[in-house]
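>>> what's the 3D shape of this:
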Amino acid sequence: MQSNDLQVTPTISHTTLSTLRHDSAATSLVGYSTTTGAQEKVVSFVIPADRLLPEPHPKYLTDIFFVLFVVIIFFSVVGNSLVIAVSVKSRKLKTVTDIYILSLAISDLLIATLNMPFQLYFTVVNEWMTGGKTGEALCKFTNYIQGCTVISSIFTLLAIAIDRYVVICRASISQQRHRQKTAIIAVISVWIVSTLIVIPHLLYQKLQIRLKISTIDSLLFFDGIRYICVEEFPSYPVINAQRLYSLIQYIGCYLIPVVIMAFTYGRIGHRLWIHQPIGDILANPRNHGLIIKQKRRVIRMLMLLFLSFTLLWFPFFTFALYSEYVAIDKSYRVKLTALKLVGYSNCCVNPIIYTFLNKNFRQDLSKLFCRETTAPSNQRRPYDTGNQTGNSRF
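Residues are numbered from 1 along each chain as shown. I've put the predicted structure just below:
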């Protein structure tokens, strides 16, 4: 909808409405107003429902959403900042896992700082913070950041799963001397692909002008013009571009990666917990038990990262796709906000997983604050122990 489509006569825009009702059949707002003066004149008018601000959340829900947003933003920023500091300053990206975890932490930090605060404002105030070119730019940028970071996270998790699968299940083709370089190339590729996939957010995310209706003493009146940030694809006679893009994004950027990761971690779990080839045992007869234990610990952490992302974002992705094909009711915004918060919580869950399931991370975090050496410099990290071929860090 273009801004010049909205025409409201001055006598109506600030006139108290004596009667106001929502005509669900016509999806429009119908009102009757009386003019001031010696003669009373009734003016009827129709305003399409999509020209009005969406109904605000109930006060108690707004308060709950506000608290949840603040908690998630705080722990996401603090937790992922510490992960980045530990990865770069203390660990200095010593392992392939460090490289991938750094990428995940950057994704989570970006969405917590450049997207969540704007979503918090819209949830609480029920309108976009500003209009004009600045508001339009923020509308495009914040939603672009959300799409880019979420997609980069799932593709990074996919790269981790494939790397672990190659090292454990296809050790013969794994070359340790090239793995860190491969990981860096993979992370760069993930970010490039992610930025390209969500370009439609830059093109079709825009501000819409809406009328705000307020209530004073049980009377409704127009309270000026406001803005909201919406996704508006061009219309075509044959296809619905927005539905098609949402479907492709759901299948290609969520469903297929999840299926691949489930397969790879299933094979890895079978290899480490159920069936261990005799060749692996003979290659390191003395340290085989310790090596397997260390690998299981790291894989357990990585699998939990995968499950956390998959389960926490699944409701939002699925509901967003579902809403493209059904009529939106009054509960839509409440459901969407609640499910988005569930997905956002993944950003503060990841640092908790690193801390509780990675002993080395806890040691390096302690060293970062206490500046004490937790292990001799020549002591190898447990998950840096060579694999069954004796030439690869894990």
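>>> check contacts around the closest residue to residue 358 other than its chain neighbours.
The spatially closest residue to residue 358, leaving aside those adjacent along the chain, is residue 301, at 5.8 Å (C-beta to C-beta, 6 or more residues apart in numbering). Where C-beta positions appear, they are placed from N, C-alpha and C, glycine not excepted. If you count contacts by C-beta atoms under 8 Å, 6 or more residues apart in numbering, residue 301 has them with 353, 354, 357, 358.
>>> Next: residue 318.
Contacts here follow C-beta under 8 Å, 6+ apart; on that basis residue 318 touches residue 250.
>>> Now do the SS call for the spatially most central residue of the chain.
When the chain is reduced to its mean C-alpha position, the nearest residue by C-alpha atoms, centre = their mean turns out to be residue 150, at 4.3 Å. Secondary structure state of residue 150, per DSSP: H, G, I helix; E, B strand; the rest coil, is helix.
>>> Give the closest residue to residue 99 in space, chain neighbours not counted.
Beyond its immediate neighbours in the sequence, the residue positioned closest to residue 99 (C-beta to C-beta, 6+ apart) is residue 183, lying 4.5 Å away.
>>> Point out the other helices and strands that the host helix or strand of residue 355 packs with.
Residue 355 belongs to helix 346-357 when assigned by DSSP states H and E. With contacts defined as 3 or more C-beta pairs under 8 Å, 6 or more residues apart in numbering; DSSP states H and E, the packing partners of helix 346-357 are helix 59-85, helix 96-114, helix 288-322, helix 359-370.
>>> buried set for that helix?
Residues 346, 347, 348, 349, 350, 351, 353, 354, 355, 357 are the ones in helix 346-357 that count as buried (16 or more other C-beta atoms under 10 Å).
>>> Might you list the low-confidence residue ranges for the protein?
1-47, 90-92, 171-178, 217-221, 275-291, 371-394 (pLDDT under 70).
>>> redo that, cut-off 90
Using pLDDT under 90 as the threshold, the predicted model of the chain has low-confidence ranges 1-57, 86-98, 129-131, 164-182, 209-226, 232, 234-239, 268-301, 324-333, 354-394.
>>> Show me how it divides into domains.
Using automatic domain parsing, the domains assigned to the chain come out as 3-50, 59-209+229-384.
>>> and residue 55, that one's in a strand?
No. Remark: residue 55 does not belong to a strand; assigned using three-state DSSP, it is coil.
>>> which stretches of the stretch 101-250 of the chain form strands?
Using DSSP state E, counting those that start in this stretch, the strands assigned to the stretch 101-250 of the chain run over residues 205-216, 219-231.
>>> Can you show me the CA trace of the last one as CSV?
Once non-C-alpha atoms are left out, strand 219-231 reads as follows in CSV (Å, rounded to 0.1, in the frame of the first residue of the first chain):
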residue,chain,number,x,y,z
LEU,A,219,-15.3,7.0,23.3
LEU,A,220,-13.2,6.1,20.3
PHE,A,221,-11.4,8.7,18.2
PHE,A,222,-8.7,9.0,15.6
ASP,A,223,-5.3,9.6,17.2
GLY,A,224,-3.2,10.4,14.2
ILE,A,225,-1.1,8.5,11.8
ARG,A,226,1.5,5.8,12.7
TYR,A,227,3.8,3.4,10.9
ILE,A,228,4.3,-0.4,11.0
CYS,A,229,7.0,-2.5,9.3
VAL,A,230,5.6,-5.2,7.0
GLU,A,231,6.7,-7.5,4.3
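>>> Use 47 as the first number from now on
All set: I'll call the first residue 47, so the last point we hit is now strand 265-277.
>>> Give the other helices and strands that it contacts.
Short answer (3+ C-beta pairs under 8 Å, 6+ apart): strand 265-277 packs on strand 63-69, helix 178-215, strand 251-262.
>>> and the angle for that strand with helix 178-215?
Calculated by axes from the mean of the first three to the mean of the last three C-alpha atoms, to 10 degrees, strand 265-277 forms an angle of 50 degrees with helix 178-215.
>>> How about the first one?
With the same axes, to 10 degrees as the criterion, the two stretches strand 251-262 and helix 178-215 enclose an angle of 120 degrees.
>>> which parts of strand 251-262 are buried?
251, 252, 253, 254, 255, 256, 257, 259.
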